[in-house]
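Chemist: structure for this input, please:
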Amino acid sequence: MFLLTVMAYDRYVAICHPLHYASMMKWSSCFQMAAGAWMAGFLNAVLHTSTVFSMPFCSNAINQFFCEIPHVVKISCSDSYLNEIWALLFSVALGLGCFVFIVMSYVQIFTAVLRMPSMTNRWKAFSTCTPHITVVSILYGTSLSIHLIPASNSPYNLDEVLAVLYTVVPPMLNPIIYSMRNKDVKAALRNLLDFTLGNKNKKDASHLPINLFHIIL
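Modeler: Below you'll find the model as predicted:
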């Protein structure tokens, strides 16, 4: 969420202040914002980890694929609600703060885009923001699902499925979503599709896996 917030600021500067972009988004500034995002995420994780592992546990069997905090708290012998609620509230406040900042950034971005007289420039601006909006929607949508939907008692273990979606789907889709704006990737995917449908000869197909692999790297 912190990195997505920094990326929202980057798009705000690029679209609303294009003439000052080079001075506002210098390499040192980008490094500081990225380092700040990683440090904030690390401190948030340390906060939850120290809070959870200060509790006594009655069991070591967790009904989950990994150590999700709500499932770890369930096996605590103490009254864990008061110990963890303040850390959860702190994380919720951080998440809402990031979300509000992203929304405010895009309000400014869309206002600036709608003022552009050229439809071509509008389309370029919207296409620049579309991957980021998609990733934000997926991350917040899955995280809200896992934290707001009550734990499932059904045989399908809905909470476990949602937890996997929350941790796996956004990171997996990130490179795909952001790569779709790359012209080389689009061309490689079109060639791959043509080859799959049988529209390319063997000579073209022999170079396809290497080119696509190099582009992905």
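
Chemist: output the lowest mean pLDDT helix or strand found in this protein.
Modeler: helix 202-216 (a mean of 44; mean pLDDT, DSSP states H and E).

Chemist: run through the neighbouring helices and strands of the lengthiest helix in the chain.
Modeler: In the chain, with assignment by DSSP state H, the single longest helix is helix 80-114. When contacts are defined as 3 or more C-beta pairs under 8 Å, 6 or more residues apart in numbering; DSSP states H and E, helix 80-114 sits against helix 2-16, helix 27-52, helix 69-74, helix 119-148. All C-beta spots, glycine's among them, are computed from the backbone N, C-alpha and C.

Chemist: the same query, at a cut-off of 6 Å, please.
Modeler: Packing partners of helix 80-114 (3 or more C-beta pairs under 6 Å, 6 or more residues apart in numbering; DSSP states H and E): helix 2-16, helix 27-52.

Chemist: so for residue 77, which of these sits nearest?
Modeler: helix 27-52 (13.0 Å; C-beta to C-beta).

Chemist: what angle separates the closest one from helix 80-114?
Modeler: 160 degrees (axes from the mean of the first three to the mean of the last three C-alpha atoms, to 10 degrees).

Chemist: and the angle from helix 27-52 to helix 2-16?
Modeler: 150 degrees.

Chemist: buried residues, helix 27-52. List them.
Modeler: For helix 27-52, burial by neighbour count (16 or more other C-beta atoms under 10 Å) applies to 33, 37, 40, 44, 48, 51, 52.

Chemist: which strands and helices lie in contact with that helix?
Modeler: In terms of contacts (3+ C-beta pairs under 6 Å, 6+ apart), helix 27-52 is packed against helix 2-16, helix 80-114.

Chemist: dump the helices and strands packed on helix 80-114 to TSV, plus distance to residue 185.
Modeler: Output for the helices and strands packed on helix 80-114, formatted as TSV (distance: least, C-beta to C-beta, whole Å):
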stretch	distance to residue 185
helix 2-16	19
helix 27-52	23
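
Chemist: turn the ones you listed into CSV, columns for mean pLDDT and distance to residue 160.
Modeler: CSV is the format used below for the helices and strands packed on helix 80-114 (pLDDT from 0 to 100; distance: least, C-beta to C-beta, whole Å):
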stretch, mean pLDDT, distance to residue 160
helix 2-16, 89, 25
helix 27-52, 88, 19
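
Chemist: among those helices, which is nearest residue 98?
Modeler: helix 2-16 (4.4 Å).

Chemist: verify the assumption that residue 173 is located in a strand.
Modeler: No: counting by DSSP: H, G, I helix; E, B strand; the rest coil, residue 173 is located in no strand; its state is helix.

Chemist: that older thread, could you dump the buried residues of helix 27-52 to TSV with distance to residue 119?
Modeler: Formatted as TSV, the buried residues of helix 27-52 follow (distance: C-beta to C-beta, whole Å):
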residue	distance to residue 119
33	32
37	34
40	39
44	42
48	47
51	52
52	53
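
Chemist: out of those, the closest to residue 111 would be?
Modeler: Distances from residue 111 to the buried residues of helix 27-52, taken by C-beta to C-beta, are shortest for residue 33, at 23.3 Å.
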